[in-house]
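Trainee: Test case, fold it:
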Amino acid sequence: MGARFAALVGASLVVAGAAAGVEVEGGATAVSWGAASGPVLAYAIYLDRNGAGFPTLPNGMVLADERRFVITGAPGDVVRAKVAAWGGDPVSMGPPSPVSEPILFVVAGNDIVANGSFESGDDPDPWMTLFPGSLALERWSVTGDSVDYIGSAIPAAGGERSVNLSGDDRGGVSQQLRTHPGLRYRVDFAMRANPRGPARKYELQVSAGATTRTLSADTVEGAGWKPIRFEFIASAAWTELRFESLTRGYYGPIIDDVEVRPIYVPQAFQGPSVVQNGGFERGPDPGAWRLLRPGQDELEGWAVSRDSVDYIGDAFPAAEGQRSLELTGNGAGGISQVVPTRPGIEYRVSFALAANPWGPAGAFVLRAGAGDASHFFVAIHGDAAADVDWGAVAFDFLAEEASTRITLDSLAPLWYGPVVDRVEVRARE
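Mentor: Prediction:
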C-alpha cells in the first residue's frame with residue numbers, strides 16, 4: 001500500500017483527500033505525487049521519522065519524470081513526508097509541499113485461526129449438511145440450524161472446500177480464538193452468494209468479541225468471491241469468532257479462507273524505560289528456579305512485596321534473556337519497584353506474560369498497578385508441559401508524582417501462577 005500525494009501546484013504539493021494515515025506491512029512503501037508547474041529537473045524528498053523532525057538537506061532526490069520515492073521503515077516506525085520541486089540551481093528549490101499523513105509501518109503476526117480454509121474435516125464431496133454438535137468440520141462449531149460443508153459442488157476461494165452458512169435454514173460456524181486483551185486484530189475472509197440460489201442478496205453477520213459486521217453478496221452475473229476485512233480489539237484472553245447467516249432457506253452466503261492476525265502498531269511511548277532490571281537478569285543464580293521471600297532484596301531493583309515468588313532460571317524458557325519471574329511461589333506473591341516519573345506525563349507499562357507450563361490447565365490472574373491505577377490480566381496454561389506461550393500486555397497511566405510505584409501481584413493462591421518478563425515503563429515522547 002502506498003501513500004498518494006495530490007498534484008504539485010506552482011512547485012508546492014497540495015494534499016487532497018488525504019486519509020487519516022496509511023498502514024504499511026513490510027519494510028517499504030512508495031509515495032507519489034503529481035507534476036509541478038514550471039521547469040523542474042528533480043524533486044527533493046524530506047522525511048520526518050518518528051518525530052525527529054525534517055532535515056535541512058533532503059533524504060533523497062528523484063528525476064522530474066519519476067515522481068515516486070520508496071520509503072523504508074522498520075515495524076513501529078512512523079514516517080511523514082514532504083516534497084519540493086527543484087529547477088536545477090541552488091536558488092530554484094520550490095517551497096515544500098504540505099506534510100503527508102502518517103505512514104505507519106506495522107507487522108501482522110501469525111494467523112490464529114485453526115482450519116480457516118475448511119480443508120480439514122470429513123470428505124464433503126460434493127457437499128454435506130452439518131448440524132450443531134457435528135465434529136465433521138475440524139476446530140469449528142456449527143451454530144443455528146445447519147450449514148452446508150461444500151466440496152466440489154461450488155469452487156472454493158482457496159483450496160477445495162468452503163462453508164455455506166445456510167444449510168436447511170439459517171446456520172453458522174464459530175471458533176474460540178486465543179487473544180491478548182488490548183491487542184488489535186485483523187480479520188480477513190472471502191465471501192460470496194450461493195450461485196445455485198435465486199437472484200437476491202445473501203446476508204451474513206460476522207462478530208469477534210464486541211465487534212460485529214453485517215455484510216451481503218448477490219448472485220448478479222459475474223459475481224464471485226470478494227475479500228472482506230475488518231478489525232477488532234480483544235478484551236479477553238479468549239475471543240469467539242462467529243459467522244451467522246441472516247438468509248432463510250437452503251441457499252445462503254458462503255465463506256472461505258478465514259484468517260485472524262494480531263496487528264502490532266507503532267509505539268508512541270518511545271522514551272527509555274525507567275525500570276531497573278526489567279528482564280530479571282541481574283540477581284542470584286536461580287539454577288532451575290529459586291524461591292524469594294519479602295525482605296531478601298536479592299533481585300536487583302525489585303522488592304518482593306507479598307508471600308513469595310519463584311525466580312526462574314532454566315526451568316523453562318524466558319521471553320527474553322535467560323531468566324523470568326513467577327509471581328506465585330508457595331502462595332500468591334508479588335513484586336514492586338519505585339520508578340522515576342514526571343508529573344503530568346503519560347506512561348505505558350508493558351511486560352511479557354505467560355502461565356507456568358508445569359501447572360494445571362486453567363487461567364492465572366495477575367493484578368498490575370501503577371500508583372493508584374490497577375489492571376487485571378489473565379495468563380492461560382500452555383498446551384503441553386514446557387510449552388510457554390508468552391504474550392505481550394500493556395496499560396497506560398498518567399504520572400502524578402516524581403516517582404511511581406509499579407506493582408505486579410499474583411491472584412493465583414498456590415504453587416503455580418502467572419510468569420512475567422521484560423517489564424518496561426516508557427514515557428510518551
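Trainee: Tell me where the model's unsure across the stretch 1-150 of the chain.
Mentor: Residue ranges of the stretch 1-150 of the chain with pLDDT under 70: 1-27, 74-76, 88-92, 107.
Trainee: Contacts for stretch 398-407, please.
Mentor: Stretch 398-407 is contacted from outside by 275, 305, 334-347, 349, 367-371, 374, 397, 423, 425, using CB atoms under 8 Å, 6 or more residues apart in numbering. In short, each C-beta sits where N, CA and C put it, glycine included.
Trainee: ChimeraX command for the buried members of those residues?
Mentor: In ChimeraX, this line selects whichever of the contacts of stretch 398-407 come out buried by 16 or more other CB atoms under 10 Å:
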select :275,305,334,335,337,339,341,347,349,367,368,369,370,371,397,423,425
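Trainee: Could you pull up the mean pLDDT of stretch 271-285?
Mentor: Confidence over stretch 271-285 (mean pLDDT, whole number) is 92.
Trainee: Note down every partner strand of the host helix or strand of residue 423 and its orientation.
Mentor: Taking DSSP states H and E as the definition, residue 423 sits inside strand 418-427. According to DSSP bridges, strand 418-427 forms sheet pairs with strand 324-326 (antiparallel), strand 346-355 (antiparallel).
Trainee: Can you add mean pLDDT and give those strands back as a markdown table?
Mentor: Listed next are the strands paired with strand 418-427 as a markdown table, based on pLDDT from 0 to 100:
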| stretch | mean pLDDT |
| --- | --- |
| strand 324-326 | 95 |
| strand 346-355 | 87 |
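Trainee: could those go into CSV alongside distance to residue 149?
Mentor: Shown next, in CSV, are the strands paired with strand 418-427 (distance: least, CB to CB, whole Å):
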stretch, distance to residue 149
strand 324-326, 44
strand 346-355, 35
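Trainee: Residue 34 is nearest to which of these?
Mentor: strand 346-355 (39.1 Å; CB to CB).
Trainee: Could you tell me how far the closest one lies from the centre of the chain?
Mentor: Offset of strand 346-355 from its chain centre (CA atoms, centre = their mean, to the nearest Å): 15 Å.
Trainee: Stretch 405-419 now?
Mentor: Stretch 405-419 sits 25 Å away from the centroid of its parent chain (CA atoms, centre = their mean).
Trainee: what about dumping the CA coordinates of it to PDB?
Mentor: The C-alpha trace of stretch 405-419 is given here as PDB (Å, rounded to 0.1, in the frame of the first residue of the first chain):
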ATOM      1  CA  ARG A 405       5.300   2.500  42.500                       C
ATOM      2  CA  ILE A 406       4.900  -0.300  39.900                       C
ATOM      3  CA  THR A 407       3.300  -3.500  41.300                       C
ATOM      4  CA  LEU A 408       2.800  -6.900  39.800                       C
ATOM      5  CA  ASP A 409       0.800  -9.300  42.000                       C
ATOM      6  CA  SER A 410      -0.400 -12.800  41.500                       C
ATOM      7  CA  LEU A 411      -4.000 -13.800  42.400                       C
ATOM      8  CA  ALA A 412      -3.200 -17.500  42.000                       C
ATOM      9  CA  PRO A 413      -3.100 -18.900  45.500                       C
ATOM     10  CA  LEU A 414      -0.800 -22.000  45.400                       C
ATOM     11  CA  TRP A 415       2.400 -23.100  43.700                       C
ATOM     12  CA  TYR A 416       1.600 -22.200  40.100                       C
ATOM     13  CA  GLY A 417       0.800 -18.800  38.700                       C
ATOM     14  CA  PRO A 418       1.500 -16.100  36.200                       C
ATOM     15  CA  VAL A 419       5.100 -15.600  34.900                       C
END
